[in-house]
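**Student:** curious how this folds, go ahead:
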Amino acid sequence: MSLTPEQVQQVAHLARLELQPDKVSAYAQQLSNILAMVDQLTAAKTEGVTPMAHPLGLTQRLRPDVVTETNRRETYQAHAPAVEDGLFLVPKVIE
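**Tutor:** Model (predicted):
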């Protein structure tokens with residue numbers, strides 16, 4: 001698929017981008033090259049290929065799920081303008 005300079009200008013207008021008129025043809029060619037590469041990728045045979053989340057067999061090292069901070073809720077809520085049952089009360093913003 002190739003893009004015309006007019007199509008590039010239309011897309012730039014929709015995206016609210018300002019393009020210099022002398023560079024529109026170059027942008028059209030570059031975008032057409034990108035779309036041609038995408039066409040090549042979509043033509044690749046992928047039947048029977050197992051999707052991968054990552055190309056390497058790495059695993060995420062996770063830390064133990066333990067509490068590392070002390071509970072200081074009362075200290076924080078002592079300065080709050082309104083608290084009820086351990087929760088901060090805030091004004092209603094959606095009606």
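**Student:** so how far is Thr59 from the spatially most central residue of the chain?
**Tutor:** The centroid of the chain falls nearest to Ala53 when counting by CA atoms, centre = their mean (16.8 Å). Plainly put, Ala53 is 11 Å away from Thr59 if you go by CB to CB, to the nearest Å. The C-beta positions use only the backbone N, C-alpha and C, and glycine is treated the same way.
**Student:** what's the answer for Val24, then?
**Tutor:** 48 Å.
**Student:** does the residue nearest to the centre of the chain sit in a helix, a strand or a coil?
**Tutor:** Under the three-state scheme (DSSP: H, G, I helix; E, B strand; the rest coil), Ala53 adopts coil.
**Student:** can you pull the contacts of it?
**Tutor:** By CB atoms under 8 Å, 6 or more residues apart in numbering, no residues touch Ala53.
**Student:** tell me the spacing between it and Ala82.
**Tutor:** Distance, Ala53 to Ala82, by CB to CB: 45 Å.
**Student:** what of His54?
**Tutor:** On the measure of CB to CB, His54 and Ala82 end up 47 Å apart.
**Student:** and for Arg72?
**Tutor:** 19 Å.
**Student:** how far away from the center of its chain is the biggest helix by length in the chain?
**Tutor:** Longest helix of the chain, by residue count under DSSP state H: helix 24-42. Distance of helix 24-42 from the chain centroid (CA atoms, centre = their mean, to the nearest Å) equals 23 Å.
**Student:** swap in stretch 13-22?
**Tutor:** With CA atoms, centre = their mean, you get 23 Å for stretch 13-22.
**Student:** for that stretch, give the mean pLDDT please.
**Tutor:** Mean pLDDT, stretch 13-22: 94.
**Student:** could you do stretch 85-95 as well?
**Tutor:** Averaged over stretch 85-95, pLDDT sits at 90.
**Student:** can you get me a residue count around Thr50?
**Tutor:** 4 (other CB atoms under 10 Å).
**Student:** I'd assumed it was in a helix, is it?
**Tutor:** No. Per three-state DSSP, Thr50 lies outside any helix segment and is coil.
**Student:** before we move on, back to that, more neighbours: which of Val24 and Thr59?
**Tutor:** More crowded of Val24 and Thr59, by other CB under 10 Å: Val24, with 17 against 7.
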